[in-house]
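1. What follows is a predicted protein model with its sequence.
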Amino acid sequence: MKRLIVPLFPILGGVSLLIVVSCNSNRSTASSGKAQIWEREMGAVAKTPWNPESAEKDLNLKVDLIPDGKYGRRLHREMTPRYITIHSTQNYTGDAFAHAKALKKGALRGGVCGYLCWHFTVQGDTVIQHLPTNERGEHADFDGPGNRYSIGIEMCEHKGNNQLATMERTAELAALLMYRNQIPIENVRPHYDWPREGYKPANKNCPHFLLENGKPGTTWRWFVGRVQRHYQRILFYEEAAKQQQQKKSEEDRRSRLVQRFWQSIVELVGLS
Ligand SMILES: [Zn+2]
């Protein structure tokens, strides 16, 4: 049996006390109203087509990988992603850049390989990638399917971070990863869905602000709905691009026919 090591956040500071405060305050939030309020504040997802080729730029995605062969990448474990796992950091001092720095220094210990690691950290205005999406991370359930088959996304919670923008950027990133890896919407999961052997409760209250009483409910379904609508925006783009291509092919065909017609007229006149 592998020894499970409790994650430590030595350089990020002051975490555990704040987690308790957050969990308590989260429970008192009127759960079903939360999604409605956020939807009103954010507005419905527009049906504008989204070009996946420009997605990195739109998301402000920065690639800042953990060094190959070190810390969370020391075992170099290939992965074909089948799921996307959504977390929140419960770290109220560290932004996405602080997490990237910690992962690159091997400062977050735990999991099976000895180092915690995940694929992306999202804050209101930025996404940072820490691991290639075809390498396994250590963010969910030790040696369970959450780690073995899922792309891990952490949402930041530091003071001053825009929570709505963070959720929206995460929904967009999840949609893009669904598209790029052929992952169905039902495989976009909260960390809660991956039980941790030896822990009580086994199912973590994570991402806590998208759950109700520590479990997925209305708010989680609302978030998944936004992921799905962003995914549809990519499909709209693809469909529009396909139609444009068909239109162009038809125009080219007609212009070739007209050209051939005039050519034959010229040849006939030339002959007479
Ligand atoms: Zn989590």
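-> Now that the structure is in, tell me what you want to look at. Numbering: from 1, shown residues only.
2. The ion contacts on the chain?
-> Counting by Cβ under 5 Å from the ion, the positions of the chain adjacent to the ion are 87, 191, 206. Where C-beta positions appear, they are placed from N, C-alpha and C, glycine not excepted.
3. So which of these is surrounded by the most neighbours?
-> Among these, His191 has the most neighbours (other Cβ atoms under 10 Å), with 26 neighbours.
4. and which of the residues of the chain next to the ion is nearest Thr166?
-> Thr166 lies nearest to His87 out of the residues of the chain next to the ion, by Cβ to Cβ, at 12.0 Å.
5. What are the boundaries of the strands in the stretch 101-250 of the chain?
-> Using DSSP state E, counting those that start in this stretch, the strands of the stretch 101-250 of the chain run over 109-110, 114-115, 120-123, 126-129, 150-155, 188-190, 211-212, 215-216.
6. how about those in JSON lines, adding distance to Ile66 and mean pLDDT?
-> Below are the strands of the stretch 101-250 of the chain laid out as JSON lines (distance: least, Cβ to Cβ, whole Å; pLDDT from 0 to 100):
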{"stretch": "strand 109-110", "distance to Ile66": "14", "mean pLDDT": "95"}
{"stretch": "strand 114-115", "distance to Ile66": "8", "mean pLDDT": "96"}
{"stretch": "strand 120-123", "distance to Ile66": "12", "mean pLDDT": "98"}
{"stretch": "strand 126-129", "distance to Ile66": "10", "mean pLDDT": "98"}
{"stretch": "strand 150-155", "distance to Ile66": "13", "mean pLDDT": "98"}
{"stretch": "strand 188-190", "distance to Ile66": "23", "mean pLDDT": "98"}
{"stretch": "strand 211-212", "distance to Ile66": "28", "mean pLDDT": "97"}
{"stretch": "strand 215-216", "distance to Ile66": "29", "mean pLDDT": "98"}
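7. how about CSV for those, with mean neighbour count and distance to Glu78 added?
-> Listed next are the strands of the stretch 101-250 of the chain as CSV, based on neighbours: other Cβ atoms under 10 Å; distance: least, Cβ to Cβ, whole Å:
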stretch, mean neighbour count, distance to Glu78
strand 109-110, 17, 21
strand 114-115, 20, 17
strand 120-123, 28, 18
strand 126-129, 21, 17
strand 150-155, 27, 14
strand 188-190, 23, 21
strand 211-212, 20, 31
strand 215-216, 15, 29
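8. of all those strands, which lies closest to Asn51?
-> Shortest distance between Asn51 and these, using Cβ to Cβ, is found for strand 126-129: 16.9 Å.
9. So which elements touch the closest one?
-> Counting contacts by 3 or more Cβ pairs under 8 Å, 6 or more residues apart in numbering; DSSP states H and E, strand 126-129 packs against strand 61-63, helix 96-104, strand 120-123.
10. Got the phi and psi for Gly144?
-> Taking degrees, to the nearest 10, you get phi -90, psi 180 for the backbone angles of Gly144.
11. Can you give me the neighbour number for it?
-> Other residues close to Gly144 by other Cβ under 10 Å number 15.
12. nearest spatial neighbour of it, skipping sequence neighbours?
-> Nearest residue to Gly144, sequence neighbours excluded (Cβ to Cβ, 6 or more residues apart in numbering): Trp194, at 5.5 Å.
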